[in-house]
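J.: here are the coordinates; sequence isn't available:
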């Protein structure tokens, strides 16, 4: 079979190489999937620059979500059949014609679901659901701020927040994304490249503060978001994309310092807090939690609550172009690569 290996850290054009490898064998709890497409995530960008600490050493086989058909499965897999079309989370290994996934994070899907939608349901939609319905438990009329709201997770968070009848503030970085947010129902779209989002939000909500902030960026924006929280407020941090771009050591240290320093006493005093989420870690350590989330996400898709936006589809020979597009921060929704 063919697989795309990360062979060198740095620019996408020189980072990858297609190689032949032996088809993997599933253990008793795994499913072997014949991959029709895999998705890209910002973790892929971090790994390409050597900044994702959990990634395997070079040459590395990346990939965290796939869609395809069941080729083979272990003896403990009782809910799937050969040929079933599935979406799945992979603990690396998704950039290949065949990929392994643990049974708890593989879910059968209708054959009519497009590839890009299917992989978005596995990662972005599951992440958004876990963030909003498990970690922060958003409620009707709560005021929430979604950073990178035009991205895959951001889009899913918007849809889930609209379903809960929340008041939504969403940040983005261009006029095109502003229009995208308006079209998707965001009450207060904010272009952070042109506006101080903290001043705008504070002017709109006063001293009561936000109820929830979703932040995949880190750096200065995390500290700003925490300061906007009111009593009972929750800040969910699920990424550090501010550290992914190429920067010298001094700029990296500046970014880290801008995260801020926090102490449990201030959480007690203000009755608010910060919680982090790493989907790969949850899927690895507690796959039963993700299995339940995937079931609920698929159901919400079938009910029309969730409808992932696919922002780009690329053939495998244009993987570098797909990486560059995601890294440019011009993309909206999910980026998918097809074999």
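T.: Everything's here; your move. None of these values were measured; they are calculated from a predicted model.

J.: For the rest of this, base every contact and every neighbour count on C-alpha atoms.
T.: OK.

J.: And what about residue 170, helix, strand or coil?
T.: Classification of residue 170 using DSSP: H, G, I helix; E, B strand; the rest coil returns strand.

J.: The residue in the chain sticking out farthest from the centre: helix or strand, and which one exactly?
T.: Farthest-out residue of the chain from its mean C-alpha position, per C-alpha atoms, centre = their mean: residue 269, at 31.7 Å. According to DSSP states H and E, residue 269 maps onto helix 264-270.

J.: Name the residues of that helix that are buried.
T.: Within helix 264-270, no residue counts as buried by 16 or more other C-alpha atoms under 10 Å.

J.: So which elements touch it?
T.: strand 229-237 (3 or more C-alpha pairs under 8 Å, 6 or more residues apart in numbering; DSSP states H and E).

J.: ok, 7 Å please
T.: Contact partners of helix 264-270 among helices and strands, from 3 or more C-alpha pairs under 7 Å, 6 or more residues apart in numbering; DSSP states H and E: none.

J.: Numbering from 2 from now on, please.
T.: Sure, I'll start counting at 2 from here, so that last one is helix 265-271.

J.: what comes into contact with it?
T.: 232, 274 (C-alpha atoms under 7 Å, 6 or more residues apart in numbering).

J.: Who are the packing partners of the helix or strand just after it?
T.: With elements assigned by DSSP H and E, the helix or strand that comes after helix 265-271 is strand 274-277. Applying 3+ C-alpha pairs under 7 Å, 6+ apart, one finds that strand 274-277 contacts strand 230-238.

J.: Who are the packing partners of the strand it packs on?
T.: strand 211-216, strand 274-277.

J.: So what are the sheet partners of that strand and their directions?
T.: Here strand 230-238 has these sheet partners by DSSP bridges: strand 211-216 (parallel), strand 274-277 (parallel).

J.: Read off the pLDDT value for the residue farthest from the centre of the chain.
T.: According to the prediction, residue 270 has pLDDT 80.

J.: any idea how far residue 112 is from it?
T.: For residue 270, the distance to residue 112 equals 52 Å [C-alpha to C-alpha, to the nearest Å].

J.: Name the single longest helix found in this structure.
T.: If you go by DSSP state H, the chain has its longest helix at helix 288-303.

J.: which residues sit against that one?
T.: Contacts for helix 288-303 (C-alpha under 7 Å, 6+ apart): 105-106, 122-123, 126-127, 131, 284, 307-308.

J.: filter these to the buried ones?
T.: So, by 16+ other C-alpha under 10 Å, the buried ones in those are 105-106, 122-123, 126-127, 131, 284, 307-308.

J.: Residue 263: what secondary structure?
T.: From three-state DSSP, the assignment for residue 263 is coil.

J.: Kindly provide the distance from the residue farthest from the centre of the chain to residue 236.
T.: If you go by C-alpha to C-alpha, the gap between residue 270 and residue 236 works out to 16 Å.

J.: quick one: contacts for residue 149?
T.: Residue 149 makes contact with 155, 172-173, according to C-alpha under 7 Å, 6+ apart.

J.: switch the cut-off to 10 Å
T.: 155-156, 171-174, 178, 193, 215-218, 330, 333 (C-alpha atoms under 10 Å, 6 or more residues apart in numbering).
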